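# Sequence and predicted model, in that order:
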Amino acid sequence: MTTGKFDINELKRRMQGATQALKHELGGLRTGRASASMVEPVQVEAYGSHMPLNQLATVSVPEPRLLSVQVWDRSMVKAVEKAIVDSNLGLSPATEGQVIRLRIPELNQERRKELVKVAHKYAEAARVAVRHVRRDGLDTLKKLEKNHEMSEDDQERFAGDVQKATDSVISEIDQLLAAKEKEILTV
């Protein structure tokens, strides 16, 4: 619904941007569980250049705490192994032929609590970003009404829509946080 210079869908898109950023940040938080995305940043010295690991091997998760890296080219196994060790992910490769296995070490309770605090910080930053978008939207509505480009009734109705959108996105953020917290604390 667009009226004058007000677009609720644009506000919703901006709010969704905050949840997308949060998903990305939470995805980067290492838990005790294996995830193929953990090795995404690994760059391998291969064929005379730096290549992402996923262009040289298939990464799978055969068990909750194990990553399996199937290197396609036998001559690249050592390079991939070296890149994983050099990546400072704290993973020790165990190699058999063209398969490199990476055990994900158990997180201690203290580390889990730290990760939960970080997750809470990320979620709060996302909530703040959403509230900024809400404030921008409400300010725009007040200006439109003040300049007689919108009736008071429309302004109030749209303000209600902005609040509904805000509540919905904040609720989504809370759900993402709760799920990540559960994942971190699950031993």
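Structure received. Because the structure is a prediction, the values reported are computed rather than measured.
# how many other residues sit next to D7?
Applying other Cβ atoms under 10 Å, we find 14 residues neighbouring D7. Quick note: C-beta positions are derived from backbone N, CA and C, even for glycine.
# got it, and L11?
Using other Cβ under 10 Å: L11 sits among 23 other residues.
# I'd assumed it was in a strand, is it?
No. Counting by DSSP: H, G, I helix; E, B strand; the rest coil, L11 is not found in a strand; it is helix.
# what's the spatially closest residue to it that is not a sequence neighbour in contact with, if anything?
Of all residues not flanking L11 in the chain, G137 sits nearest, at 4.6 Å (Cβ to Cβ, 6 or more residues apart in numbering). Counting by Cβ atoms under 8 Å, 6 or more residues apart in numbering, G137 touches 6, 8, 11, 158, 162.
# Helix or strand next in line after the strand or helix carrying G137, which one?
According to DSSP states H and E, G137 maps onto helix 109-146. As assigned by DSSP H and E, the chain's next helix or strand after helix 109-146 is helix 152-185.
# quick one: that following helix to helix 109-146, angle?
With axes from the mean of the first three to the mean of the last three Cα atoms, to 10 degrees defining the directions, helix 152-185 sits at 170 degrees from helix 109-146.
# Would you mind measuring from the residue of the chain most remote from its centre to E40?
Of all residues in the chain, H148 has its C-alpha farthest from the mean position, at 41.9 Å, by Cα atoms, centre = their mean. Distance, H148 to E40, using Cβ to Cβ, to the nearest Å: 53 Å.
# okay, which residue is most central for this protein?
H24 (1.5 Å).
# Show me what the helix or strand hosting it is packed up against.
Using DSSP H and E, H24 sits within helix 8-27. On a contact count with 3 or more Cβ pairs under 8 Å, 6 or more residues apart in numbering; DSSP states H and E, helix 8-27 meets helix 109-146, helix 152-185.
# who touches it?
Identification of contacts with helix 8-27 by Cβ under 8 Å, 6+ apart yields 1-2, 37, 119, 122-123, 125-127, 129-130, 133-134, 136-137, 158, 161-162, 165-166, 169, 172-173, 176-177, 180.
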